[in-house]
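Asks: no sequence on hand, only this structure:
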């Protein structure tokens, strides 16, 4: 998924519906990545490689045990944002 150098702006979770929305900024403007049927999310903010708002790369979504999908966004800070969900709606520019 070509999201290199996109900016990660924010994450919101609707606990009731089990939906997560990631707000991103691509070269062409705002983008949204949606996780539906959210089962888990890990969002470290430790900056092991130094502070950055930019995405280095995105892996997935890949199917994992139980039929869910796993998506990992590696930040240029070295942090890895991981989402596990039933379905992902990927950004249109990706």
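Replies: Alright, I've got the coordinates. This one's a predicted model, so the numbers in the text were calculated from it and none came from an experiment.
Asks: any weak-confidence spans in this structure?
Replies: 1, 94 (pLDDT under 70).
Asks: all strands for it, in order.
Replies: Secondary structure of the chain, counting by DSSP state E: strands at 7-14, 19-26, 29-42, 55-63, 69-75, 80-89.
Asks: centroid residue for the chain?
Replies: Nearest to the mean C-alpha position of the chain, counting by Cα atoms, centre = their mean, stands residue 73 at 5.0 Å.
Asks: spatially nearest residue to that residue, not counting backbone neighbours?
Replies: residue 81 (4.4 Å; Cβ to Cβ, 6 or more residues apart in numbering). (C-beta placed from N, C-alpha, C; glycine too.)
Asks: the one you found reaches residue 42, doesn't it?
Replies: Yes - the criterion here is Cβ atoms under 8 Å, and residue 81 meets it with residue 42 at 7.0 Å.
Asks: more neighbours: those two, which one.
Replies: The neighbour comparison of residue 81 against residue 42 (other Cβ atoms under 10 Å) goes to residue 81, with 19 against 11.
Asks: residue contacts, the more buried one?
Replies: Going by Cβ atoms under 8 Å, 6 or more residues apart in numbering, residue 81 touches 8, 11, 22, 41, 42, 43, 44, 72, 73, 75.
Asks: what separates it from residue 59, distance-wise?
Replies: Residue 81 sits at a distance of 11 Å from residue 59 (criterion: Cβ to Cβ, to the nearest Å).
Asks: kindly report the same for residue 3.
Replies: Residue 3 sits 10 Å away from residue 59, taking Cβ to Cβ as the criterion.
Asks: more neighbours, these two?
Replies: residue 3 (22 against 13).
Asks: for the more buried one, grab phi and psi.
Replies: phi -120, psi 20 (degrees, to the nearest 10).
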